[in-house]
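Enquirer: Show me how the following folds:
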Amino acid sequence: MTTATSGRKPWRSARVYVGALIVLIWGLAPFYWMAVTAFRDPDYTFDNTPWPTHVTFENFRNAFDTSRGNDFGRALTNSVVIGAATTVIALLIGMMAAYALARMAFRGKTLVAGLILSASMFPVVVLVTPLFQLFTNIGWIGHYQAMIIPNISFVLPMTVYVLASFFAELPWELEEAARIDGASRFQAFRLVMLPLAAPAVFTTAILAFIAAVNEYLLASLLSVDRTEPVTVAIARFSGNDPLVQPYAAIMAAGIIVTVPLVIMVLLFQRRIISGLTAGGVKS
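Expert: Predicted coordinates for the structure are as follows:
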């Protein structure tokens, strides 16, 4: 029996590694091909050689070239502004809402938590026409707030969900000790609970920023040239020939946007993992 069990372990380990390899290839293969195309001479864009050939940096220069009507540098700045504003506001609101759901008892608490969670499943496409009509009426089309406010509503449920589960697992004794020492509930939250929740807050900030930067559907309708983010700018890239898409320059722009986010996640992966899992295991 022991021999049979030990014989199965190598096979189980092999299945785990094979499965992980398949997922890795499935996820990284598009990124790899994007990188290969980004460093390839535009004349060989459709060359299907699976490794880099005719390597050049021309595509990256073309991505930032404004002579064709593209302004990728300004779009990067717009994405940072929109993503940072969305993240900061969502965290400020989400931390207090999550703390209230996790640490306070009030009537309808379960209903409120369910409504917040259900908001994350609401299809974005349904909101396109109402938001476009609303922002047109109040003159917000083409302004940052027309993209920041909807983005906040999209990332806020995730923010509340992650932080509430973390706050719920923090020891009550620390908060009670602060209250006994004369701290108000807000002071106990700000001085005691919030520092302890730093890993979860950091994780939520990264996820919210990435979600805001990646949003395209509403940004494509609610932005203009001077406020469009990178997702919209890349989608409407134009080259020398108006009838031919500059795929190589588009791939280079995609690399410029993606690599910093990948590096950020790799550098802080331990904090991200600890923030996502800390509230999920009871001691």
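Enquirer: now the helices for this structure?
Expert: If DSSP state H is used as the criterion, the helices of the chain fall at 2-38, 58-63, 72-103, 109-119, 128-137, 145-169, 172-180, 185-188, 194-196, 198-214, 217-222, 230-235, 247-267, 269-277.
Enquirer: is it possible to export these to CSV including mean neighbour count and distance to Tyr44?
Expert: (Glycine included, C-beta is placed from N, CA and C.) Output for these, formatted as CSV (neighbours: other Cβ atoms under 10 Å; distance: least, Cβ to Cβ, whole Å):
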stretch, mean neighbour count, distance to Tyr44
helix 2-38, 11, 9
helix 58-63, 19, 11
helix 72-103, 20, 22
helix 109-119, 13, 47
helix 128-137, 14, 39
helix 145-169, 21, 37
helix 172-180, 13, 62
helix 185-188, 15, 61
helix 194-196, 13, 54
helix 198-214, 21, 29
helix 217-222, 20, 30
helix 230-235, 21, 21
helix 247-267, 17, 9
helix 269-277, 15, 35
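Enquirer: Relative to Phe46, which of those helices is closest?
Expert: Within those, the stretch nearest Phe46 is helix 247-267; the backing value is 8.2 Å (Cβ to Cβ).
Enquirer: what sits up against that closest one?
Expert: Here helix 247-267 makes contact (Cβ atoms under 8 Å, 6 or more residues apart in numbering) with 31, 34-35, 37-42, 45, 59-60, 62-63, 72, 76, 79, 206, 210, 213, 230, 233-234, 237, 239, 272.
Enquirer: Quick check: phi and psi on the closest residue to Phe57 other than its chain neighbours?
Expert: With sequence-adjacent residues excluded and distances taken as Cβ to Cβ, 6 or more residues apart in numbering, Phe57 is closest to Phe39, at 7.4 Å. Main-chain torsions, Phe39, degrees, to the nearest 10: phi -100, psi 10.
Enquirer: What number of residues are in the vicinity of Phe39?
Expert: Phe39 is flanked by 19 other residues according to other Cβ atoms under 10 Å.
Enquirer: Was I right to think Leu131 contacts Pro150?
Expert: Yes: using Cβ atoms under 8 Å, Leu131 is in contact with Pro150, at 6.1 Å.
Enquirer: returning to what we had before: ok, which of the helices of the chain comes nearest Thr49?
Expert: Thr49 sits nearest to helix 2-38 of all the helices of the chain, at 8.2 Å, using Cβ to Cβ.
Enquirer: Could you list the low-pLDDT ranges of the stretch 101-250 of the chain?
Expert: 239-243 (pLDDT under 70).
Enquirer: again, only this time at 80
Expert: Across the stretch 101-250 of the chain, the ranges flagged by pLDDT under 80 are 104-105, 117, 119-120, 122, 170, 172, 238-244.
Enquirer: Model confidence for the residue nearest to Phe57, exactly?
Expert: Per-residue confidence at Phe39 stands at 92 (pLDDT).
Enquirer: center of this structure - which residue?
Expert: Of all residues in the chain, the one closest to the mean position by Cα atoms, centre = their mean is Ile210, 2.2 Å from it.
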